[in-house]
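Novice: got a structure for you, letters missing:
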Ligand SMILES: Cc1ncc(COP(=O)(O)O)c(C=O)c1O
């Protein structure tokens, strides 16, 4: 294994008069027990089965650290929220200064300059005319806001989205999410929502032709499996929406703010949507914050009268710390030329992955846009390996990628993720990733792939054990 970075120098431990931080440090050994008791025991169980049940005690830049001081290179970043690396010191300084300034935070009846400045900054980075902003705390809330504003602005009821899409899990966005397993048990969901296959313009036009569609809501690159749109698809979809009087909504919660090597992915196809939704990275890795950006006339048509100007609100939507974190994030992306850096490090990663795809049959395809990368695995050729593939898929769709994810974590201290019920490993490293860190990842992945191809693969044995236990649990549940 290559050398891992040392735990960062312990500064004087932070403390507070109420003892909150001191108690959290003292009780860090109880983290998972507390989560199991009061938060989500099933998730704790899943983490433990996969060997991810570590008590990380600190984080800095591209790494998390456990109590023993072992470093973990983070290629997950909480699905992209820690895009500037963990505990970015410059964002922290801005947050401290914001707190120390004793600014007013009466969010419902007061506008701070910070909120206007962040809205101005977002508008500056988006196509002309997208300059009316509603701030929220989560990506789902930004999506939900666009769903409401599109209906109110057009007077039309229906909302279109894509199969395999993801837009969040509160009831509004859940109603347009592409995969049914997120929805089971939560219905009835919103009426008037329909899905079309991502990339299928005929199906889109057939729905739009009915003349009752308020909006088509689409991720420019589908995040779940890192699916890129077919050539010309998004431009043509935008034109179809215009022709049929529907609004074109781009969900850039995951792709926005330099993730794909552009400020927004829409630049790649020169799109001019009616809404852009932003979240995740805007947090600077610290604060919940998201934004719905639209055109002024749409905003005004939806809620723009004296009687209705307060009907769509969010208590913490434009709180000072979130606004300051968003501004700091955008300044850091610019100051540190992160768009260039994403391009450079992405080339190192995708070049290395292409070589690995040549060498190892397990890799079917690598898809990427900047530092949003999906590695799709495929059924191996040998008879024994195919039997294992089938057993593992029978136990759980989405388990197979753990063949790579578990040993990357266990043996190489690298955090990646399986992307749901499919065979994709998804990488969302920090935008601040160094070339050396990218190379360390490639070395580790090569070692893991090499082991998986061996007839006596230890990694395969681990995943087979999980599959067999899952099947046995299911059989017991069916019998009882
Ligand atoms: C494209 C997209 N939209 C919306 C969301 C929902 O964001 P949040 O989890 O902040 O509600 C996500 C989250 O992963 C996302 O990827």
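Specialist: Arrived safely. Note that the coordinates shown come from a computational prediction; the quantities given were computed from them, not determined experimentally. Residues are numbered from 1 along each chain as shown.

Novice: separation between the residue in the stretch 1-150 of the chain that the ligand sits nearest to and residue 373?
Specialist: Relative to the ligand, the nearest point of the stretch 1-150 of the chain is residue 139 (2.3 Å; Cβ to the nearest ligand atom). Every C-beta, even on glycine, is put in place using the N, C-alpha and C of the backbone. From residue 139 over to residue 373 the distance is 20 Å, taken as Cβ to Cβ, to the nearest Å.

Novice: the two: which is more packed in?
Specialist: The neighbour comparison of residue 139 against residue 373 (other Cβ atoms under 10 Å) goes to residue 139, with 29 against 22.

Novice: give me the residues contacting stretch 340-353.
Specialist: 258-261, 363, 366, 368, 370-371, 373, 375, 427, 429, 431-435, 438-439, 441-442, 445 (Cβ atoms under 8 Å, 6 or more residues apart in numbering).

Novice: return the set of buried residues in that stretch.
Specialist: Using 16 or more other Cβ atoms under 10 Å as the test for burial, stretch 340-353 gives 341-342, 345-346, 348-350, 352-353.

Novice: tell me the contacts of the residue of the stretch 1-150 of the chain closest to the ligand?
Specialist: Counting by Cβ under 8 Å, 6+ apart, residue 139 touches 167-168, 251, 253-254, 277, 279-280, 290.

Novice: do that again at 10 Å, thanks
Specialist: With contact taken as Cβ atoms under 10 Å, 6 or more residues apart in numbering, residue 139 is in contact with 79, 81, 166-170, 173, 251-254, 277-280, 282, 288-291.

Novice: try residue 150
Specialist: By Cβ under 10 Å, 6+ apart, residue 150 lies in contact with 156, 158-159, 213-217, 246-249, 274-275, 294, 298, 302.

Novice: inside helices: which ones of those residues?
Specialist: With helices taken from DSSP state H, the overlap with the contacts of residue 150 comprises 298, 302.

Novice: elements contacting the strand or helix carrying residue 389?
Specialist: Using DSSP states H and E, residue 389 sits in helix 383-395. When contacts are defined as 3 or more Cβ pairs under 10 Å, 6 or more residues apart in numbering; DSSP states H and E, helix 383-395 packs onto helix 402-412, helix 458-479.

Novice: how does the chain divide into domains?
Specialist: When the chain is parsed with automatic domain parsing, its domains come out as 20-87+338-479, 91-335.

Novice: highest average neighbour count across the ones you listed?
Specialist: Of all those, domain 91-335 has the most neighbours on average by mean count of other Cβ atoms under 10 Å, namely a mean of 20.

Novice: ok, and the closest non-adjacent residue to the residue nearest to the spatial centre of the chain?
Specialist: Nearest residue to the geometric centre of the chain (Cα atoms, centre = their mean): residue 79, 3.6 Å. Nearest in space to residue 79, with sequence neighbours left out and distances taken as Cβ to Cβ, 6 or more residues apart in numbering, is residue 428 at 6.3 Å.

Novice: from residue 363, how far out is that neighbour?
Specialist: In terms of Cβ to Cβ, residue 428 sits 18 Å off from residue 363.

Novice: hey, where'd the strands end up in the stretch 1-150 of the chain?
Specialist: Secondary structure of the stretch 1-150 of the chain (DSSP state E, counting those that start in this stretch): strands located at 56-60, 63-66, 71-74, 130-136.

Novice: would you tell me which of those gets closest to residue 233?
Specialist: When those are compared by Cβ to Cβ, strand 130-136 sits nearest residue 233, at 20.7 Å.

Novice: and that closest one, what's its mean pLDDT?
Specialist: Strand 130-136 comes out with an average pLDDT of 98.

Novice: can you list the residues of the chain near the ligand?
Specialist: Counting by Cβ under 6 Å from any ligand atom, the residues of the chain close to the ligand are 79, 138-140, 143, 166-168, 219, 223, 251, 253-254, 279.

Novice: redo those residues as CSV? Include distance to residue 208.
Specialist: Shown next, in CSV, are those (distance: Cβ to Cβ, whole Å):
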residue, distance to residue 208
79, 31
138, 29
139, 25
140, 25
143, 20
166, 22
167, 19
168, 24
219, 18
223, 24
251, 18
253, 24
254, 25
279, 27
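
Novice: in the stretch 101-250 of the chain, what spans have low per-residue confidence?
Specialist: Along the stretch 101-250 of the chain, segments meeting pLDDT under 70 span 106-108.

Novice: so where do the helices sit in it?
Specialist: Assigned by DSSP state H, counting those that start in this stretch, the helices in the stretch 101-250 of the chain fall at 113-125, 139-154, 171-176, 201-208, 233-243.

Novice: which of the ones you listed sits closest to residue 309?
Specialist: From these, taking Cβ to Cβ, the stretch that ends up closest is helix 139-154, at 12.6 Å.

Novice: so how far is the closest one from its chain's centroid?
Specialist: Relative to the chain's own centre, helix 139-154 is displaced by 20 Å; criterion: Cα atoms, centre = their mean, to the nearest Å.

Novice: now do stretch 98-116
Specialist: That offset, for stretch 98-116, works out to 28 Å (Cα atoms, centre = their mean).

Novice: can you give the contact residues for that stretch?
Specialist: For stretch 98-116, the external contacting residues (Cβ under 10 Å, 6+ apart) are 118, 133, 135, 310, 313-328.

Novice: out of those, list just those in helices.
Specialist: If you go by DSSP H, the contacts of stretch 98-116 have 118, 320-328 in helices.

Novice: just put the residues you listed in JSON lines and tack on distance to residue 56.
Specialist: Compiled in JSON lines, the ones in helices among the contacts of stretch 98-116 are given as follows (distance: Cβ to Cβ, whole Å):
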{"residue": "118", "distance to residue 56": "30"}
{"residue": "320", "distance to residue 56": "29"}
{"residue": "321", "distance to residue 56": "23"}
{"residue": "322", "distance to residue 56": "24"}
{"residue": "323", "distance to residue 56": "28"}
{"residue": "324", "distance to residue 56": "26"}
{"residue": "325", "distance to residue 56": "21"}
{"residue": "326", "distance to residue 56": "25"}
{"residue": "327", "distance to residue 56": "28"}
{"residue": "328", "distance to residue 56": "24"}
